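> Quick check, what structure comes out for this input:
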Amino acid sequence: MDDPALIRTGPLRYATAERFGRPRPVAPDDTRPSSGQLCPQPPSRLDAVMGPPRDRPPQGEDCLNLTVTTPARDAGARPVLVWFHGGGFSSGGGILDWYDGGPLAAQGDVVVVGVNHRLGALGYLFLDGVSEGNLGLYDQLEALRWVRAHIAAYGGDPGNVTVFGQSAGALSARMLMEMPEARGLFRRAILQSPPLSIAARSRAESQALGRIFADVLGTDPRTADTDALLAAQRETAAAHGRRSGSTLEPPFTPVAGADPVRVPGLTFDANVRGLDVMYGWNADDMTAFPGERGEPDELTRRTYEAPLCRFGDRLKRAGARVHAYRLDWRPSGSPFGATHCVELPLLLGGREAWRDAPMLGDLPWDEVEALGTAVRAAWISFARTGAPGPTPEPLSCVGRSGGRDGTRGTGLSAVPGRGTTRS
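Below you'll find the predicted structure:
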């Protein structure tokens with residue numbers, strides 16, 4: 001999105017880290033410009049759905065970078081939305097054009113921060129003597145600390161931060177709820193299509209996959225070049241797919257039972273008490289993952305809807321204020337329907353970034369933007385007030401069973417266009 005009224009800053013380096021080391025804040029005397037790098041990564045497994053990214057930032061291990069989009073660098077104390085991208089903990093980057101925060105910032109007078117963090121083996125390898133695991137989570141914590149320390153200089157309110165993420169990024173937001181260190185760093189959270197059953201893996205499973213990775217690599221991960229690491233990562237993913245039978249579950253994920261999630265659940269209730277949380281799913285999320293056994297609608301129910309509803313109940317019992325949604329938007333000409341990631345162009349990025357995305361079919365961008373304006377209004381309202389307010393069809397506020405919730409989302413209005421819906 002090209003809006004001259006907005007100020008875009010970055011990429012900015014928010015932290016530094018040695019390979020397999022925890023991140024450190026950038027020293028005050030470190031004035032080097034950001035590398036603008038993404039974490040080294042393979043191609044996304046969802047290229048068939050989203051298309052490949054049209055921008056190609058350099059890749060490298062100096063990747064702890066973020067961008068800030070703001071209407072003004074003043075004392076406006078605007079709500080802040082911090083974006084954690086998806087990609088199965090193995091691909092993507094918060095600084096990609098897909099995730100340009102301009103549409104949200106311009107429409108809602110908010111500040112949007114897009115965050116890179118370490119991925120794959122570099123972020124989540126769990127291997128004795130090499131990597132403690134969960135380094136990508138530590139990166140996200142450090143990014144939130146950067147926001148708390150610096151966002152006022154960009155017109156944002158460090159006391160009104162919403163973390164929002166999609167898929168693995170939503171799982172990251174979920175894991176932050178387990179961490180006492182994250183308490184007070186955000187006030188609200190939006191979880192978009194997180195497959196909660198794979199949010200974290202046990203120490204034993206993580207160690208077994210770490211050994212597979214080391215055996216495939218055949219040399220010390222601390223000194224191997226990144227091409228070798230990525231090749232070993234691909235082979236580990238294939239081996240894990242054969243073991244698990246799943247095309248959804250990635251080989252490197254957060255580790256439950258390792259810092260900063262050493263005892264999952266221990267402080268969860270205290271951490272989430274008083275939080276505003278909005279979570280949801282897309283009606284056909286699982287069409288993005290061919291090869292899973294079962295029909296996509298039933299797989300979506302089992303993988304997204306049912307676990308999210310249970311999680312919502314847990315949040316409510318702990319004292320969080322909870323809202324849920326379902327998106328039934330099926331762009332005309334798309335074979336994927338209301339698939340995983342289809343909400344992203346409604347929130348972030350612009351026409352050029354999403355040009356030729358298969359999941360958008362042949363829908364004209366003007367119609368994408370018409371619905372996007374209404375959907376962004378719900379996200380902006382949540383960031384400002386903790387409630388999404390009226391929601392546009394085909395975005396539904398839903399109750400416990402996944403049906404429309406008559407107590408929320410009143411004033412629903414259809415958005416005309418060629419996108420089809422099914423309730």
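
> Without its sequence neighbours, what residue ends up closest to Met278?
In this structure, Met278 finds its nearest non-sequential neighbour in His323, 4.4 Å apart by C-beta to C-beta, 6 or more residues apart in numbering. Quick note: C-beta positions are derived from backbone N, CA and C, even for glycine.

> doesn't the one you found fall inside a strand?
Yes - counting by DSSP: H, G, I helix; E, B strand; the rest coil, His323 is located in a strand.

> which residues does it contact?
By C-beta atoms under 8 Å, 6 or more residues apart in numbering, the contact list for His323 reads Asp276, Val277, Met278, Tyr279, Phe382, Ala387, Pro388, Cys397, Arg408.

> Helices along the chain, start to end?
According to DSSP state H, the chain carries its helices in the segments 47-50, 102-108, 120-124, 135-150, 168-176, 203-217, 226-244, 268-272, 296-300, 306-318, 344-347, 365-385.

> Relative to Arg187, which of those helices is closest?
Evaluated over the helices of the chain, closeness to Arg187 peaks at helix 365-385, with 9.2 Å, by C-beta to C-beta.

> just checking, what packs against the closest one?
Helix 365-385 sits against strand 78-84, helix 102-108, strand 156-166, strand 188-192, helix 344-347, strand 392-393, strand 395-397, with contacts defined as 3 or more C-beta pairs under 8 Å, 6 or more residues apart in numbering; DSSP states H and E.

> hmm, 7 Å instead?
With contacts taken as 3 or more C-beta pairs under 7 Å, 6 or more residues apart in numbering; DSSP states H and E, helix 365-385 sits against strand 78-84, helix 102-108, strand 188-192, helix 344-347, strand 392-393.

> picking that back up, of the contacts of His323, which is the nearest to Cys39?
Closest approach between these and Cys39, by C-beta to C-beta: Tyr279, at 26.1 Å.

> Just give the nearest non-adjacent residue to the closest one, would you?
Closest residue to Tyr279 apart from its sequence neighbours, by C-beta to C-beta, 6+ apart: Leu191 at 4.1 Å.

> thinking the one you found is in contact with Ala170, fair?
Yes - applying C-beta atoms under 7 Å as the test, Leu191 and Ala170 come out as touching, 4.0 Å apart.

> and the contacts of His323 as CSV, adding distance to Pro53, pLDDT and neighbour count?
Output for the contacts of His323, formatted as CSV (distance: C-beta to C-beta, whole Å; pLDDT from 0 to 100; neighbours: other C-beta atoms under 10 Å):
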residue, distance to Pro53, pLDDT, neighbour count
Asp276, 31, 98, 21
Val277, 29, 98, 23
Met278, 26, 98, 25
Tyr279, 26, 98, 24
Phe382, 27, 98, 24
Ala387, 33, 95, 15
Pro388, 28, 95, 25
Cys397, 31, 84, 24
Arg408, 35, 32, 18
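
> Could you pull up the residues touching the residue nearest to Tyr279?
Gly165, Ala170, Ala173, Arg174, Tyr279 (C-beta atoms under 7 Å, 6 or more residues apart in numbering).

> Which residues does it form beta bridges with?
Counting by DSSP bridges, Leu191 is bridged to Gly165, Tyr279.

> Would you mind giving the helices of the chain as a markdown table with distance to Ala182 added?
Output for these, formatted as a markdown table (distance: least, C-beta to C-beta, whole Å):
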| stretch | distance to Ala182 |
| --- | --- |
| helix 47-50 | 29 |
| helix 102-108 | 22 |
| helix 120-124 | 17 |
| helix 135-150 | 6 |
| helix 168-176 | 4 |
| helix 203-217 | 21 |
| helix 226-244 | 27 |
| helix 268-272 | 7 |
| helix 296-300 | 29 |
| helix 306-318 | 15 |
| helix 344-347 | 23 |
| helix 365-385 | 18 |
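
> Which helix or strand in the protein has the lowest average pLDDT?
When the helices and strands of the chain are compared on mean pLDDT, DSSP states H and E, strand 413-414 comes out lowest with a mean of 27.

> can you pull the pLDDT of the nearest residue to Asp297 once chain neighbours are set aside?
Spatial nearest neighbour of Asp297, chain neighbours left out: Asp284 (7.1 Å); criterion: C-beta to C-beta, 6+ apart. With respect to pLDDT, Asp284 scores 97.

> Indicate which one of the helices of the chain is closest to Phe336.
Of all the helices of the chain, helix 47-50 sits nearest to Phe336, with 5.9 Å by C-beta to C-beta.

> ok, back up a step: just curious, which of the contacts of Leu191 is nearest to Asp328?
Taking C-beta to C-beta as the measure, Asp328 lies nearest Tyr279 of the contacts of Leu191, at 16.2 Å.

> Isn't the closest one up against Ala320?
No - taking contacts as C-beta under 7 Å, Tyr279 lies outside contact range of Ala320: 10.4 Å.

> before we move on, back to that, for the contacts of Leu191, which one is nearest Asp366?
Closest approach to Asp366 among the contacts of Leu191 (C-beta to C-beta): Gly165, at 27.7 Å.

> just to revisit the earlier point, right, so the helices of the chain: which one is the most enclosed?
Scoring the helices of the chain by mean neighbour count under mean count of other C-beta atoms under 10 Å gives helix 120-124 as the most buried, with a mean of 27.
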